[in-house]
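> Give me coordinates for this.
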Amino acid sequence: MVLPLALGILTAYYNFARFHSIFDFGYARIPRVLQEPWYQHGLFSLHAIPGNVYHMLFKGLGDTVPKFPYILPYGFGCSIFLASPFLVLVFREGGKYKAAAWIAIGLLTAALWCHGNPGGWQFSYRYAMILLPWMFLLLAGNGPAKLSAIEISLFIISVAINALATYEFLWTKNVHP
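A predicted model of the protein is given here:
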């Protein structure tokens, strides 16, 4: 707990030194950012929850096309479970740190869902990156010790989906803002 506490104190000190408030991270100071439509209720608002829930959990991968790669990723996010089906394994039973991990995921997700916008140019729900260490604890600690064929398949499918999305975003003109 020493390292996270030290990082929190240093961040608060930096915010205070730069912005004269430990709670000001500078985002609202970006020119015209608060004039964007999704921030009409502020950077963090309960009004943002439905849109973030939809993008994080239910938004589809993208458009279908009749030729390879058959799916063009949507450039502004999709469900974390469609982007990485391997993540459904976080719901398996067991795990030493299950309670702590789910509490952390719940608290972090509540903060993420209150952010005014589900993210910009991205594949999947990029803000969920902050959840990955906790999801890793769940994945590593729950379920059987030996990987099953289904688990390996889900992992391979997840890597393939992300490789295709990376290819589409970076090396083609098929996906663009």
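> so how far is the longest helix seen in the chain off the chain centroid?
Across the chain, the longest stretch assigned as helix under DSSP state H is helix 149-171. In terms of Cα atoms, centre = their mean, to the nearest Å, the gap separating the centre of helix 149-171 from the centre of its chain is 16 Å.
> Stretch 41-60 now?
Averaging C-alpha positions (Cα atoms, centre = their mean) puts stretch 41-60 12 Å from its chain's average.
> Output it as CSV - backbone C-alpha positions only.
Written as CSV, here are the backbone C-alpha positions of stretch 41-60 (Å, rounded to 0.1, in the frame of the first residue of the first chain):
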residue,chain,number,x,y,z
HIS,A,41,-23.1,18.4,-17.4
GLY,A,42,-19.4,18.6,-16.6
LEU,A,43,-16.5,16.2,-17.0
PHE,A,44,-18.1,13.7,-14.6
SER,A,45,-21.8,13.4,-14.4
LEU,A,46,-24.5,10.8,-13.7
HIS,A,47,-26.0,11.7,-17.1
ALA,A,48,-23.0,10.0,-18.8
ILE,A,49,-23.7,6.6,-17.3
PRO,A,50,-26.2,5.2,-19.9
GLY,A,51,-23.9,6.0,-22.8
ASN,A,52,-20.8,4.6,-21.1
VAL,A,53,-22.6,1.4,-20.0
TYR,A,54,-23.8,0.9,-23.6
HIS,A,55,-20.3,1.4,-25.1
MET,A,56,-18.5,-0.7,-22.5
LEU,A,57,-20.8,-3.6,-22.4
PHE,A,58,-23.2,-3.7,-25.4
LYS,A,59,-21.8,-1.7,-28.4
GLY,A,60,-21.1,-4.0,-31.4
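> before we move on, back to that, may I see the buried residues of the longest helix of the chain?
Going by neighbour count (16 or more other Cβ atoms under 10 Å), the buried part of helix 149-171 is 151, 154-155, 158, 161, 164-165, 168-169. Using the backbone N, CA and C atoms, a C-beta is placed for each residue, glycine as well.
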